[in-house]
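A.B. asks: Only the shape, not the letters, is given here:
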């Protein structure tokens, strides 16, 4: 039995960090200007029952048409007495605030609610829609632009106050672009690469700022290694760029992807959607929500989807059944419990065919390999995945100072597949070797994250102190058969395949392993406000224990790692919406292997410096951000060139770059999404001869833009969208011997809202979405001369939607 000893790693910010932050912040200087208007003072009839203060304020804003602005954290957990009668909106607000130690003031044509004694000019407010519904970081955003996020802080925080780059893809944006996968949702986001395996319907392969991002999060909790999320069940998809270990434990230095599930709503609503497209795609979906009875104590939501579809590759299916019922119980204004469940069944095929570079990336005398080429055996193409999740979110406010939140979830994913892929050409450059790849894999995950939020003041400083404990356990049982000999998988003619050959699975698997991982994290974060300054300070201690039992050799390997990570950042909020910021953050990931002669490997560590400016213009639902970043990953493991079977940890990767993002609702008719990323990603140290090379699958430049326009007058009801995605030249491998050409793709959408016809059509709409409009034929990536993957061809989807 092999044992690996415990590691302790302390990641300390450099001594120059404070100097770096101060200089960076004071280097950004922008003038402030604002225009003020009096809030509405009309007398209105008010009839508000007792309940949560946030709900009462939203209801008043909706009834009166007066914007009421307040930070969600200020009213969280507070209750309001019943208010009724004929009065001005300000009088109604003051009645709701009685006994809460909050005050109201007219400002910029709205009513601003803030802690008593705080200067209203210093209050960074939350956007409220015209209907008066305040945005919540765990709920829907009012349009294409979100102003709040919880992924970067685990609290309901303005994106301006988060001293790191975070992008939010809202439900409205996903609908406008007809998003079918999570990777499609974020392909217009800066700093993101999603074509790491070309067309792939198995796992969301995502790279952030040049680093692989293997973990995704749903409702703040880590997902297992073989989970795939259905985007129709999501309210928003968020990308946090840069190290996030201070909140989430082990993770890569590039960042992470966080998703928020659709949750029950107090407003009755429903949606039915029917879709049909090329590749014989047919899909139906339904989304129902509202109160269970006549009160808001019990709320429900049911989201369901069924798909029957082929794919761009012959003989490969893409069928799915998805069901996500959820239930919320609100026994009082201080307590909320939401049960979140889902089941998903996929019956698909293996899209990555492992094609050779000869005939895809390079010319072949026998011709070009078509994108639809299937190199397996149709009668044994078998891929099934069943995944189940049961969890809850508990929120309880003890008083105005302390509130508790606990998120917990159990997930089980089982997948098994039998497939045959390519394995390189024979010398005739026509006959393709093949490889059998069969697997039976099951992942079990339990995650519990408990946080206590404390809101208090120390002199002129106001604090939102988050303290938390996170515990998770994972069991991953994996049985794999891999065989590349002609006896297992006979070769096939790549350009004129004849199927029906006998595939013989070996009696013994290549791997038969049971892995266990246990994570424990204790963390604290303090969000401090001092006038217009917003500071974020955080630290986390993690312990990760792992074991792997190899059933074939009857051996068990164990390891344990400890690490401390930190984050420090600051932002200055000008009253015109401009916010310069700077931050330093850290990450860590456990590493397997032994250093000669018997020392355990240390965790891989990451650190990032980031400076930037964010801008949210007052009175406009828009956001613009610019970020400069410097990320390094150290202690990366490579093969020991002197001692076979061991590793050395001398490799380092450094990534520097700039990101620009704009999400602009310029008018009721015109919206624009735009992004640009320049990335200088380099292997700084390597004993494999890669030093100075560009990091693989990382383009230096990539850009995207999406424009949406709603017509008026005679064309009222008609809207159109068009998008462009550019990915620059990159390399498929670390040795930089496989060069991948740049490519540009065009997407388009045409929609018609049938409400102009009135009657039974008033809630219906139709849409046509086309991705890769000009059907560009391109290679998404080549990891080697035997593993190339095509990018997705043109897809066309027609949608009929009925909402109420």
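C.D. replies: Right, received. Where do you want to start? It should be emphasised that the depicted structure is a prediction, and the values quoted were computed from it without experimental measurement.

A.B. asks: separation between residue 389 and residue 236?
C.D. replies: 18 Å (CB to CB, to the nearest Å). Heads up, the C-betas are built off the backbone N, CA and C, glycines and all.

A.B. asks: ok, now residue 539?
C.D. replies: From residue 539 across to residue 236, the span is 28 Å (CB to CB).

A.B. asks: How about residue 506?
C.D. replies: From residue 506 across to residue 236, the span is 46 Å (CB to CB).

A.B. asks: isn't residue 699 right next to residue 193, touching?
C.D. replies: Yes. Residue 699 lies in contact with residue 193 (CB atoms under 8 Å); the separation is 7.3 Å.

A.B. asks: shared neighbours of those two, anything?
C.D. replies: Common contacts of residue 699 and residue 193 (CB atoms under 8 Å, 6 or more residues apart in numbering): residue 727.

A.B. asks: So which of the two has more stuff around it?
C.D. replies: residue 193 (27 against 22; other CB atoms under 10 Å).

A.B. asks: residue boundaries of the strands in the stretch 451-600 of the chain?
C.D. replies: For the stretch 451-600 of the chain, the strands defined by DSSP state E, counting those that start in this stretch cover 461-483, 492-493, 511-530, 533-550, 555-572, 578-589, 594-595, 599-600.

A.B. asks: how is this structure carved up into domains?
C.D. replies: The chain breaks down by automatic domain parsing into domains covering 31-134, 263-803.

A.B. asks: Let me know the average pLDDT across the longest one.
C.D. replies: This predicted structure assigns domain 263-803 an average pLDDT of 94.

A.B. asks: returning to that earlier point: how about JSON lines for the domains of the chain, with distance to residue 162 added?
C.D. replies: Formatted as JSON lines, these follow (distance: least, CB to CB, whole Å):
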{"stretch": "domain 31-134", "distance to residue 162": "12"}
{"stretch": "domain 263-803", "distance to residue 162": "7"}
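
A.B. asks: To residue 148, which of these lies closest?
C.D. replies: Shortest distance between residue 148 and the domains of the chain, using CB to CB, is found for domain 31-134: 6.6 Å.

A.B. asks: State the mean pLDDT of that closest one.
C.D. replies: On average, domain 31-134 scores 68.

A.B. asks: ok so, going back, want to throw the strands of the stretch 451-600 of the chain into JSON lines with mean neighbour count and distance to residue 319?
C.D. replies: Shown next, in JSON lines, are these (neighbours: other CB atoms under 10 Å; distance: least, CB to CB, whole Å):
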{"stretch": "strand 461-483", "mean neighbour count": "18", "distance to residue 319": "24"}
{"stretch": "strand 492-493", "mean neighbour count": "17", "distance to residue 319": "26"}
{"stretch": "strand 511-530", "mean neighbour count": "18", "distance to residue 319": "28"}
{"stretch": "strand 533-550", "mean neighbour count": "19", "distance to residue 319": "33"}
{"stretch": "strand 555-572", "mean neighbour count": "21", "distance to residue 319": "38"}
{"stretch": "strand 578-589", "mean neighbour count": "26", "distance to residue 319": "35"}
{"stretch": "strand 594-595", "mean neighbour count": "18", "distance to residue 319": "44"}
{"stretch": "strand 599-600", "mean neighbour count": "15", "distance to residue 319": "45"}
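
A.B. asks: Nearest to residue 717, out of the ones you listed?
C.D. replies: Closest approach to residue 717 among the strands of the stretch 451-600 of the chain is made by strand 578-589 (36.9 Å; CB to CB).

A.B. asks: got the angle between the closest one and strand 533-550?
C.D. replies: For strand 578-589 against strand 533-550, the angle by axes from the mean of the first three to the mean of the last three CA atoms, to 10 degrees is 20 degrees.

A.B. asks: Adjacent strands (with direction) for strand 578-589?
C.D. replies: Take DSSP bridges as the rule and strand 578-589 pairs in its sheet with strand 555-572 (antiparallel), strand 604-615 (antiparallel).

A.B. asks: Mind listing what's buried along whichever helix or strand comes after the last one?
C.D. replies: Looking back up the chat, that one is strand 604-615. As assigned by DSSP states H and E, the chain's next helix or strand after strand 604-615 is strand 622-639. Buried residues in strand 622-639, counted by 16 or more other CB atoms under 10 Å: 622-629, 631-638.

A.B. asks: Skipping its backbone neighbours, what lies nearest the residue nearest the centre of the chain in space?
C.D. replies: Most central in the chain under CA atoms, centre = their mean is residue 257, positioned 2.7 Å from the mean C-alpha point. Once flanking residues are discounted, residue 257 sits nearest to residue 216: 4.8 Å by CB to CB, 6 or more residues apart in numbering.

A.B. asks: any idea how far residue 239 lies from residue 164?
C.D. replies: 11 Å.

A.B. asks: Residue 250 too?
C.D. replies: 18 Å.

A.B. asks: of these two, who's got more company?
C.D. replies: residue 164 (26 against 22).

A.B. asks: Please give me every residue in contact with residue 150.
C.D. replies: 137, 138, 156, 157, 220, 258, 260.

A.B. asks: so what's the closest residue to residue 402 other than its chain neighbours up against?
C.D. replies: Spatial nearest neighbour of residue 402, chain neighbours left out: residue 454 (5.7 Å); criterion: CB to CB, 6+ apart. When contacts are counted by CB under 8 Å, 6+ apart, residue 454 touches 401, 402, 463, 464, 465, 467.

A.B. asks: and the strands paired with strand 578-589 as a markdown table, adding distance to residue 232?
C.D. replies: Formatted as a markdown table, those follow (distance: least, CB to CB, whole Å):
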| stretch | distance to residue 232 |
| --- | --- |
| strand 555-572 | 34 |
| strand 604-615 | 30 |
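
A.B. asks: Which member of the contacts of residue 454 is positioned nearest residue 66?
C.D. replies: Closest to residue 66, out of all of the contacts of residue 454 and judged by CB to CB, is residue 464, at 27.1 Å.

A.B. asks: Setting the sequence-adjacent residues aside, check what's closest to that closest one.
C.D. replies: residue 527 (4.2 Å).

A.B. asks: again, but for residue 229
C.D. replies: Leaving aside its sequence neighbours, residue 229 sits nearest to residue 182 (CB to CB, 6+ apart; 5.3 Å).

A.B. asks: how much space is there between the one you found and residue 232?
C.D. replies: Relative to residue 232, and taking CB to CB, residue 182 is found at 11 Å.

A.B. asks: Quick check: next helix or strand after the helix or strand hosting residue 166?
C.D. replies: In the assignment (DSSP H and E), residue 166 maps to strand 165-170. Toward the C-terminus, strand 165-170 is succeeded by helix 171-176 as the next helix or strand (DSSP H and E).

A.B. asks: neighbouring contacts of that next one?
C.D. replies: With CB under 8 Å, 6+ apart as the test, helix 171-176 has contacts from 140-141, 143-144, 179, 185, 231, 234-237, 673, 706, 708, 721, 749, 751.

A.B. asks: starting at the chain centroid, how far to that helix?
C.D. replies: 15 Å (CA atoms, centre = their mean, to the nearest Å).

A.B. asks: Would you confirm that residue 74 belongs to a strand?
C.D. replies: No. If the criterion is DSSP: H, G, I helix; E, B strand; the rest coil, then residue 74 is helix and not within a strand.

A.B. asks: Pretty sure it sits against residue 102.
C.D. replies: Yes. Contact status for residue 74 versus residue 102: in contact at 6.8 Å, counting by CB under 8 Å.

A.B. asks: overlap in contacts of these two?
C.D. replies: What both residue 74 and residue 102 touch, as defined by CB under 8 Å, 6+ apart, is the set 113, 114, 115.

A.B. asks: Can you tell me the SS state at the second one?
C.D. replies: In other words, residue 114. Residue 114 - assigned by three-state DSSP - is strand.

A.B. asks: Tell me what it is bridged to.
C.D. replies: With DSSP bridges as the rule, residue 114 is bridged to residue 103.

A.B. asks: Count residues in the vicinity of it, would you?
C.D. replies: 20.

A.B. asks: how close does the closest residue to residue 195 other than its chain neighbours get to residue 201?
C.D. replies: In space, and not counting its chain neighbours, residue 195 is closest to residue 780: 4.1 Å by CB to CB, 6+ apart. Residue 780 sits 14 Å away from residue 201, taking CB to CB as the criterion.
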